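J.: no FASTA, just this:
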C-alpha cells in the first residue's frame, strides 16, 4: 500500500510502497530548489538561455539543454539498510544496522557506509518531532517491540521499515536540510574524527574524515560552509603528517566554500595556514597573504587564533 504524500515533499514525489517503488522513486532524478540555478556560459539571451539569433545547430541546442537539465538537478540520495548484525556487550545486546548512502543518477565512487542502532533512529525521531511534527505526522516510525527483537524475521522487518523511514524523511525538503537529519548521518563519525585529531592520531582521523566528508558535502549542498570545519581538520592532519600538498588541496576546497564569507570564523585562520603551505610548496602565497592582511585590517577580532586551535574545539 503506497504511503500518502508527505507535507513539504518535492512536487511530483511519490512515497515508497511495499512492492518496491520506494527504490524507483528515490532513483528518479528531479529538479529541486536546493541549489542556485546556474547560468550557462555563451549563447545567452535575456533570460539566461540561448539567444534567438544563436548560431547553435539543432544538435548543439539539444546537447546544451540536456547538459543544463543535468546541472539543475539537485543531489538525490538513496538510503539502503544493507544488513544488520546483533552485537552483544557485557550488560547489553542490540542490533546494528548498516546504512549505505549513495548518490543516484550517476556512478558514485564515494558511497557512505555507516552503522546505527535502533535507539539512534529513536533519538532522531524524537528530535524531529520537536521541530517538524506537522511535516512528519504521516511518516511511520517502526515501533519498539517488547519481545522478539532478535529473531531473524523481526530484524528483517525492522530493517526494511527503517530503510523506508529514511527515504520518507529525505523526501521532505525541510527535514533533509535540518541539522537533526544531517547530524544523525554524520555526527558520530565527525565526533570520532575530531577526537582522534585532539589525541594526535592524525592518520586515524583522516581515515574517518575521508569517509564522512563526501556524505556531509552531499547532505549540506545548500550550505557549503557547513563542511569547512571537516575540511580544515583534514588540512591540519595532512600538515602534521608532513603532507603539504594534500593539506593545501584540502584548504583550497575549504576556501572555495567560504567565498564571500570573510566573516566566517575559519576564514582568517585558514588563509594563514594556506600562506605557510603555499610558501613551502613554492606556490603563489603573495595573493593569499594580501587577502589575509586585508581581512585582518577589517576584522581584527579574527587575529591570533590558529586553524588547529579552532579545529580541536569542534565536536567537544
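T.: That came in fine, so what should we check first? Bear in mind that the values here come from a model prediction, so they are computed numbers and not experimental data. Residues are numbered from 1 along each chain as shown.

J.: what's the span of stretch 210-227 from first residue to last?
T.: 12 Å (Cα to Cα, to the nearest Å).

J.: now do stretch 137-151
T.: From start residue to end residue, stretch 137-151 stretches across 29 Å - Cα to Cα.

J.: which of the residues in that stretch are buried?
T.: Buried residues in stretch 137-151, counted by 16 or more other Cβ atoms under 10 Å: 139, 141-142. For every residue, glycine as well, the C-beta is placed using N, CA and C.

J.: same thing with stretch 297-311?
T.: Buried, per 16+ other Cβ under 10 Å, within stretch 297-311: 302, 307-308, 310-311.

J.: hang on, the earlier thing: tell me the one of the buried residues of stretch 137-151 nearest residue 125?
T.: Nearest to residue 125, judged by Cβ to Cβ, of the buried residues of stretch 137-151 is residue 141 at 4.8 Å.

J.: Mind checking what secondary structure residue 115 has?
T.: The three-state label given to residue 115 by DSSP: H, G, I helix; E, B strand; the rest coil is strand.

J.: Quick check: beta-bridge partners of the nearest residue to it once chain neighbours are set aside?
T.: Spatial nearest neighbour of residue 115, excluding adjacent residues (Cβ to Cβ, 6 or more residues apart in numbering): residue 96 at 4.8 Å. Residue 96 has these beta-bridge partners by DSSP bridges: residue 85, residue 117.

J.: Output the buried residues of stretch 137-151 in CSV, with pLDDT appended to each entry.
T.: Below are these laid out as CSV (pLDDT from 0 to 100):
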residue, pLDDT
139, 97
141, 96
142, 93
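
J.: Filter those residues down to the ones in strands?
T.: Among the buried residues of stretch 137-151, no residue falls in strands (DSSP state E).

J.: Phi first, then psi, for the residue most central in space within the chain.
T.: The centre of the chain sits closest to residue 216, judged by Cα atoms, centre = their mean, with a distance of 2.3 Å. Note on residue 216: backbone dihedrals following degrees, to the nearest 10 are phi -60, psi -40.

J.: Distance check, it against residue 128.
T.: Distance check for residue 216 against residue 128: by Cβ to Cβ, to the nearest Å, it reads 19 Å.

J.: Might one say that the residue nearest to the centre of the chain is in contact with residue 182?
T.: Yes - between residue 216 and residue 182 there is a contact under Cβ atoms under 8 Å: 7.4 Å.

J.: if I look at these two, which residues touch both of them?
T.: residue 226 (Cβ atoms under 8 Å, 6 or more residues apart in numbering).

J.: Can you show me the helices along the protein?
T.: With DSSP state H as the criterion, the chain has helices at 21-27, 58-72, 118-132, 152-170, 173-176, 179-198, 202-219, 228-240, 244-256, 267-281, 286-298, 307-311.
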